[in-house]
Structure formats: C-alpha cells, structure tokens
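Novice: Using only what follows, build the 3D model:
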Amino acid sequence: MFCRFFLKGTALFIVAVCSVGVLLAGGCAPLPPGSEAAPAPSARLNELDEHAASCYARGLAYMEQYRYELARQQFAIAASSAVSKPLYNDAVDGMRRAEQIIHERR
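Specialist: Residues are numbered from 1 along each chain as shown. Model prediction:
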C-alpha cells in the first residue's frame, strides 16, 4: 500500500517538474513580460560610448580651431560608435554643422 502511494506521488512530482521544464524551455516564463529587470549595459558598450564621447569632444575642439574637415570626420566616428541616443543625435548635429560650414566656404 505504501509502495503504491509512494510511486504515485513520485510520478506526479516527475510530471510536474517536466511540465515546468517544458514551459521554460519553450519560451514561456512563469513571470509576466516586463517584470524582469532590464539587463545592465556591458562594459564593452560603455567603452564604445566613452570612445564616441571623446571623438565628439575632439570634433568640438576642431570646430573651435576652424578645422572643419577634421571635425566632420570626428563627428562621423562619434555617430557611428555612439551607444546612447543623445550622444548620437549630438554627433549627427555636429557633423551637419561642419558640413554646412564646409559647403559655405567653397
């Protein structure tokens, strides 16, 4: 009698564990979407954004020195490697300003 109950309980437990495993493996999470924390940005992305910020700063320095071709180049590098949206927008704006000055001076 005990043996039957034990086998029946073990079988139910195995079925429950397998069901949860199938749900998790199939992409069904037990938590609702959006409840998980957003992943932290990796160190590599931070390095890229720092590189983009330094290129943007060099572009601004070149603009102050009236070296618009070099400034446009640095803004382009900053825009292509920027991770954050505000830095990307600033770099694109700087590139447009440098190109406008270059075209006005020709």
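Novice: Please make it C-alpha for all contacts and neighbour counts, starting now.
Specialist: OK.
Novice: the bottom helix or strand of this structure by mean pLDDT?
Specialist: Sorted by mean pLDDT, DSSP states H and E, the helices and strands of the chain end with helix 2-25, the least confident at a mean of 55.
Novice: Next secondary structure element downstream of it?
Specialist: Sequence-wise, the next helix or strand downstream of helix 2-25 (DSSP states H and E) is helix 43-64.
Novice: Just the buried positions in that next one, please.
Specialist: By neighbour count on 16 or more other Cα atoms under 10 Å, the buried set for helix 43-64 is 48-53, 55-60, 62-63.
Novice: Out of these, show me where the pLDDT dips lowest.
Specialist: The member of the buried residues of helix 43-64 with the lowest pLDDT is residue 48, at 86.
Novice: neighbours around the closest residue to it other than its chain neighbours, how many?
Specialist: Beyond its immediate neighbours in the sequence, the residue positioned closest to residue 48 (Cα to Cα, 6 or more residues apart in numbering) is residue 81, lying 6.0 Å away. Residue 81 has 21 neighbouring residues, counting by other Cα atoms under 10 Å.
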